[in-house]
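1. the sequence isn't on hand, but the structure is:
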């Protein structure tokens, strides 16, 4: 979704900035027109595959649609979000997404999962990137090998880990018991204390390579002469890292973090396949899916999806603001 | 514009051509795969093709009924014409009725053969939405060799089950069999746990969550006591991983010889006697234990049916397939091969079935008294009712809150769902 607003305007802005000094000549108008011409197909496709479904979802969240009667949906205003039902005897109750404790639990689970997993992935990814950036024998091979977890489809790796973490036949329990760290098998994905951490661990295993790759790209942009200068000045390598490397790759890290965070906030497949989907691990997407397709509450599920979109949009905007991220690629 | 209309004309022509009655139809059937279901289906379908010339493609679905339902609901809402016949769970009829073909006329000559309660469960407002393929009622599987070794009787109450399971499990572990568990069941938060939970509650006299008139009855002391008892099993006689077990996971533990008792459906019977099974010839089945006070055993009524999609392009051939797969001959073959319980009463006395799968012959009384889930009174809201129930049970088993508190909360949630009435 975020791409819609990020993709198109910078190009236009850049074009306008170029134009301003000169009076609008025929040439620049011509160029502007051809730029729009080139952009239109992409904008149309985006509007069709991203914009339209989004607007549909938002629309349905204000109706009483159900999957068995989707065409007969009627407008009900904010009822899916907020409703006070008066029982007529002086008592009443609030209904709707805002008053659904299970929804807020799902929101909390998602945010918790995102913050922890993305933090770990960033630190580990940075470490991996630093190692992969160094010169050593067989570097190309290691670089390729590191990417394997990222290349495996989530559904496959989730199932694979589910078997490894199985309480009876799982290799994880077997190894830990042989070493003597645990005395009896642990039900990793079912136990309330370990379920979310099991998910986070698998996600870290899977997406650290992605982080490493993005940060490595940033590292390779750092010119070698700054390191040479630091070396001549006799600066300690740790200080070089904090004062030279980190500030220079900061933009790359920030972009990598937002990519990952957007992905993590809408996590579905990993949780759905790996865990038994109880209160400990249910995320916003799982909640929405359940209401959309399992229950006869398409409208309520749409409201949850809309809210999920708003949460992601809000967090993204907030992050861009705080991190002063420049997605236009101008002032570096 | 001209091009568009040409395209539309072409598409229209194509549709016309496709709608021509074909001599041999190509059908698709969607079914979940548990145990040998798909293998068995393939055998019967090849006979169907021989007889009629129609070919049938199997669309294999996940084992979890909850996952299947989500997909079917979506396909039906999208008016998908790719699937002609769905294998539907006994609880789905009221929720999917609008999208399925009324079979009452096509099946009029067969209806009387089948168990009236099953036919009743598939009839929604006078419309027969699906026709029974087999019915289901769970069993307590027990290890004859272990009970004999420790001189124990087959338990008839849950207390006896827990005590026997504990004793044998501990003794076996002492003897170096560290993988041994007392009891495995289905504890994952999904439809299966609603069955297990309903059995515990109903056998203790705690009712059926929502009664026939739609009144919410779940918040009572007997139900709380039943769930507290079950909570005591997790981590003691049942592995703590049972909270993520569905049918196949519990069968995995059982069939590798690592459990004294298992609650499961009859399909596990022939599989347990398969050549690759560690418990082959070492087990038998009994009805589920009863609650100590009520003295009654409760078995959750399961079973699967065949429904024809309203959006199928060849409904006649699809109905032919349903007739074939639900016929007496097919039900008999199915019972012999996979111990799936017939819905034709006469088959329970069939000597060939009894010889191949003794469990089927013994199970007619269990099927007769099986407890239905409240899918009829709660109508299209059943899935959500069921989810709230299995969540409460799962939380209790996981040790989050007492049974009484969780049932209290469950009642509130169900009230909120129901408001002025189920719809």
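-> In hand now; what should we look at? Small disclaimer: the values here were computed from a predicted structure and weren't measured.

2. for the rest of this, base every contact and every neighbour count on C-alpha atoms.
-> Will do.

3. hmm, who's touching stretch B:256-267?
-> Stretch B:256-267 is contacted from outside by B:35, B:136-143, B:146, B:165, B:168-169, B:179-186, B:247, B:250-251, B:253-254, B:277-279, B:288, B:338-341, B:359, using Cα atoms under 8 Å, 6 or more residues apart in numbering or on different chains.

4. what distance do you get for the closest residue to residue B:356 other than its chain neighbours to chain A?
-> Using Cα to Cα, 6 or more residues apart in numbering or on different chains and skipping the chain neighbours, the partner closest in space to residue B:356 is residue B:336 (5.7 Å). Per Cα to the nearest Cα, to the nearest Å, residue B:336 is found 31 Å from chain A.

5. now do residue B:114
-> Counting by Cα to the nearest Cα, the gap from residue B:114 to chain A is 29 Å.

6. number of residues surrounding that residue?
-> Look at residue B:114: counted by other Cα atoms under 10 Å in any protein chain shown, it has 18 neighbours.

7. bridged to it, which residues?
-> residue B:344 (DSSP bridges).

8. host element of residue B:225?
-> helix B:221-233 (DSSP states H and E).

9. so which elements touch the following helix or strand past that helix?
-> Downstream of helix B:221-233, the first helix or strand assigned by DSSP H and E is helix B:247-255. Secondary-structure packing of helix B:247-255 (3 or more Cα pairs under 8 Å, 6 or more residues apart in numbering or on different chains; DSSP states H and E): strand B:181-184, strand B:259-264.

10. so of those, which one's packed in deepest?
-> Of the helices and strands packed on helix B:247-255, the one with the most neighbours on average (mean count of other Cα atoms under 10 Å in any protein chain shown) is strand B:181-184, at a mean of 28.

11. tell me which strands and helices that one is in contact with?
-> Judged by 3+ Cα pairs under 8 Å, 6+ apart, the packing partners of strand B:181-184 are helix B:158-174, helix B:247-255, strand B:259-264.

12. can you pull out the strands in the stretch 1-150 of chain A?
-> Ranges of strands in the stretch 1-150 of chain A, per DSSP state E, counting those that start in this stretch, are A:83-86, A:92-95.

13. which of the helices and strands packed on strand B:181-184 sits most buried?
-> Ranked by mean neighbours (mean count of other Cα under 10 Å), the helices and strands packed on strand B:181-184 are led by strand B:259-264, with a mean of 26.

14. residue contacts, the residue nearest to residue A:97 when sequence neighbours are not counted?
-> Excluding its sequence neighbours, the residue lying closest to residue A:97 (Cα to Cα, 6+ apart) is residue A:81, at 4.6 Å. Residues near residue A:81 by Cα under 8 Å, 6+ apart: A:95-98, A:303.

15. now the residues you listed as CSV including neighbour count?
-> Below are those laid out as CSV (neighbours: other Cα atoms under 10 Å in any protein chain shown):
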residue, neighbour count
A:95, 17
A:96, 16
A:97, 21
A:98, 15
A:303, 28
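
16. which of those residues sits closest to residue A:189?
-> Closest approach between those and residue A:189, by Cα to Cα: residue A:97, at 27.6 Å.

17. thought the closest one was touching residue A:303?
-> Yes: judged on Cα atoms under 8 Å, residue A:97 makes contact with residue A:303 at a distance of 7.4 Å.

18. what touches both of these two?
-> With Cα under 8 Å, 6+ apart, residue A:97 and residue A:303 have common neighbours A:80-81.

19. picking up where we left off before, okay, now the residue nearest to residue B:356: neighbour count?
-> Each residue near residue B:336 was counted by other Cα under 10 Å, and the total is 20.

20. mind listing residues that contact whichever strand or helix holds residue A:161?
-> Here residue A:161, judged by DSSP H and E, is contained in helix A:154-164. Under the criterion Cα under 8 Å, 6+ apart, residues A:149, A:169-172, A:189, A:202, A:206, A:269-270, A:273-275 lie in contact with helix A:154-164.

21. do stretch B:322-329 as well
-> Contact with stretch B:322-329 is made by B:44, B:48, B:85, B:107, B:131-134, B:306-308, B:330-331, B:344, B:347, as judged by Cα under 8 Å, 6+ apart.

22. can you say which of those are buried?
-> B:44, B:48, B:85, B:131-134, B:306-308, B:330-331, B:344, B:347 (16 or more other Cα atoms under 10 Å in any protein chain shown).

23. among those residues, name the ones in strands.
-> When strands are assigned by DSSP state E, the members of the buried ones among the contacts of stretch B:322-329 inside them are B:85, B:131-134, B:306-308.
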